[in-house]
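In: here are the coordinates; sequence isn't available:
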């Protein structure tokens, strides 16, 4: 422990920064991997991660079988695009954990700074107990070992006697429910508005919906949210002010969270629709006498969806970013609150735990988006090397 | 008589009523925030316990808050912070984004692919994590020192700029005039700075305008979460939200900062959109 503390001097920072930059360069270097290597490494990583995750659920033998099976299947059937993404994302996740650790350790103060009558001996004992050495790299090693070998996010340092899983566990479904509902809402709202505007180009409806979209993208969600709170909860008393538990609770936070994304999706869908309607294949479809509604639903919609689908990855990230604020505003007991609390209290393991879950969700979602994209655009569907 | 492209663009902008409205509102707000507190000798921190929670009146145009502070003064001074953060952080992100995008687009090939993959990845991250963590690093610097905020917000906002500049540079790189300059033996730096980047300036301007509101929103998020460093609109809105209660309404405490913040953001977006349409009439979706 002391040796680790000694290493954290000026040179420690240089070494840490060096490791970080090296990692980033290495990540960039994956662009040079030839397709065959990308396929193999991507499939290996995919199977490996699946195996590690499943090990805690089904035991080691089943996990090895599942991992190998996933390896073979992904190698054979996944589009190169997706495997390339996997090859990039899994190391990136590790790098992110490292970067988060470094940033936390650079922040002034530490989890034990507020303990009363904290002598160096007491602090050292606490640090040993929670596995929080003074050196960021040493903490990263302990944390990764705990994560991969024991499969735990570790004990919370500030919330006595609880593990991070116990804290995040109840919050996770809340955040996922809020996030997915808001994403759904934003897609539904945005697509409806955008497609209507694109079909009736340069009409009053078009201008109105685009102005609405611009306002939606401009206003911060806590301003919209607080306005909704006053109108719907305090004036009309239709919805509860804050809290969690029923569909009525979810409504306002989900809408507030969805509006900025809905606005962007509306603009994307509108321009996508306008562009698609000028394509030759639409003229062909019309020329062969299909009814206009069929042309739109059957032929134009697919092309319109493409830019929207490719925006869903960033949209998921934006939803999570916004959820920090919306959760605080509406007192929703989700993960965002734990992250903010953990960051302010320097509860390293809570911060890392929430960050890993968030990043994992984003990565998973991005992979799904990639698959959906490959499904929508046959040109990207090639599985060959 | 033919007009220069810039004149044509300005004319198109002037015909765009929404953009002009945005520009006028923005000018008014900037004018008010910069000069207002000086002209009226307003003090945002002066507390008057006898005059707590006064509704708007002739003496206090915007009313007073729970500590008896003049809300007009607070909104105008807070606006200075928000606008300054918006401009400075945008400057940071423009510098980073243009440099990154220009290098990626200029050299192309695998370098471009690697650099852009990194951007794509970061694009998908909930950058709020990084902002919060970076803000924590500076949490003990003196209150009111805003350099860390500029850096933290600027360093997470450069991605869009990098993407756009890269696309433009990639296209310009293959144009004859750049090839001609290359054949004359000019250095890469000179090619980039003298021949390529000046042609991207318009696009950079447009997206910088559109970036200012997103930076202001991000700063207001931070203030709302209690991580802000100075009196800003975000913090004032947050103060206003804190006094929402079903019994007694102090609507002015929430309304004014929200209105100023909202108007500024909408105006900036109107103006940025108008600029984009004016500079690139074909690109209008």
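Out: Thanks, I have the structure now. It should be emphasised that the depicted structure is a prediction, and the values quoted were computed from it without experimental measurement.

In: which regions of the chain sit below the pLDDT cut-off?
Out: This is for chain A. Along chain A, the parts satisfying pLDDT under 70 run over A:1-10, A:113-118, A:378-385.

In: You answered for a different chain; I wanted chain B.
Out: Screening chain B residue by residue with the criterion pLDDT under 70, one finds the ranges B:1-2, B:51, B:53, B:60, B:68, B:139-144, B:246, B:280-285.

In: So which residue is dead centre in it?
Out: By C-alpha atoms, centre = their mean, chain B has its centre lying nearest to residue B:212, at 1.3 Å.

In: So the nearest residue to that residue once chain neighbours are set aside versus chain A, what's the distance?
Out: Taking C-beta to C-beta, 6 or more residues apart in numbering or on different chains as the measure, residue B:212 lies nearest to residue B:86, with 4.3 Å between them; neighbours along the chain are not counted. The C-beta positions use only the backbone N, C-alpha and C, and glycine is treated the same way. Taken as C-beta to the nearest C-beta, to the nearest Å, the spacing of residue B:86 relative to chain A amounts to 13 Å.

In: wait, residue B:86 sits on residue B:216?
Out: Yes. Using C-beta atoms under 8 Å as the test, residue B:86 is close enough to residue B:216 to be in contact (4.3 Å).

In: one step back: the helix or strand harbouring the residue nearest to residue B:212: which residues count as buried?
Out: Per DSSP states H and E: residue B:86 is located in helix B:71-107. By neighbour count, with 16 or more other C-beta atoms under 10 Å in any protein chain shown as the criterion, the buried positions of helix B:71-107 are B:71-86, B:88-94, B:96-107.

In: What is the neighbour count of residue 273?
Out: You didn't say which chain, so I picked chain A. By other C-beta atoms under 10 Å in any protein chain shown, the residues close to residue A:273 number 25.

In: You answered for a different chain; I wanted chain B.
Out: Residues contacting residue B:273 under the criterion other C-beta under 10 Å number 21.

In: what's the answer for residue A:23, then?
Out: For residue A:23, the count of nearby residues is 17 (other C-beta under 10 Å).

In: what residues are up against it?
Out: Contact criterion C-beta atoms under 8 Å, 6 or more residues apart in numbering or on different chains gives A:91, A:94-95, A:98 as the residues in contact with residue A:23.

In: how far is the helix or strand the residue nearest to the centre of chain B falls within from where the chain is centred?
Out: Secondary structure from DSSP H and E places residue B:212 in helix B:201-224. Taking C-alpha atoms, centre = their mean, to the nearest Å, the mean C-alpha location of helix B:201-224 is offset from the chain mean by 3 Å.

In: Which neighbouring elements make contact with that helix?
Out: Contacting helix B:201-224 under the criterion 3 or more C-beta pairs under 8 Å, 6 or more residues apart in numbering or on different chains; DSSP states H and E are the following elements: helix A:221-228, helix A:301-329, helix B:71-107, helix B:128-137, helix B:147-156, helix B:159-173, helix B:233-242, helix B:251-279.

In: Apply 7 Å and report the result again.
Out: Packed against helix B:201-224 by the contact rule (3 or more C-beta pairs under 7 Å, 6 or more residues apart in numbering or on different chains; DSSP states H and E) you find helix B:71-107, helix B:128-137, helix B:147-156, helix B:159-173, helix B:233-242, helix B:251-279.

In: Which positions in the stretch 51-200 of chain B make contact with chain A?
Out: Selection of the stretch 51-200 of chain B residues close to chain A by C-beta under 7 Å from any C-beta of the partner chain yields B:110, B:113-115, B:117-118, B:121, B:123-129, B:132-134, B:136-137, B:139-140.

In: Throw together a PyMOL command that grabs the buried residues out of those residues.
Out: The following PyMOL selection, which keeps only the buried ones among those, applies the criterion 16+ other C-beta under 10 Å:
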select buried, chain B and resi 114+115+117+118+121+123+124+125+126+127+128+129+132+133+134+136+137
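
In: gap between residue A:228 and residue B:259?
Out: As defined by C-beta to C-beta, to the nearest Å, residue A:228 lies at a distance of 16 Å from residue B:259.

In: Compare the two (neighbour count), which wins?
Out: Neighbour count, other C-beta under 10 Å: between residue A:228 and residue B:259, residue A:228 has more, with 20 against 15.

In: wait, what's in contact with the more buried one?
Out: By C-beta atoms under 7 Å, 6 or more residues apart in numbering or on different chains, the residues touching residue A:228 are A:252, A:255-256.

In: can we see that at 10 Å?
Out: Going by C-beta atoms under 10 Å, 6 or more residues apart in numbering or on different chains, residue A:228 touches A:221, A:239, A:251-253, A:255-256, A:259, A:329-330.

In: Which ones among the contacts of residue A:23 also lie next to chain B?
Out: Among the contacts of residue A:23, the ones lying near chain B by C-beta under 10 Å from any C-beta of the partner chain are residue A:95.

In: Can you tell me which of the contacts of residue A:23 are buried?
Out: A:91, A:95, A:98.

In: Export those residues as JSON lines, with columns for secondary structure.
Out: JSON lines is the format used below for the buried ones among the contacts of residue A:23 (DSSP: H, G, I helix; E, B strand; the rest coil):
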{"residue": "A:91", "secondary structure": "helix"}
{"residue": "A:95", "secondary structure": "helix"}
{"residue": "A:98", "secondary structure": "helix"}
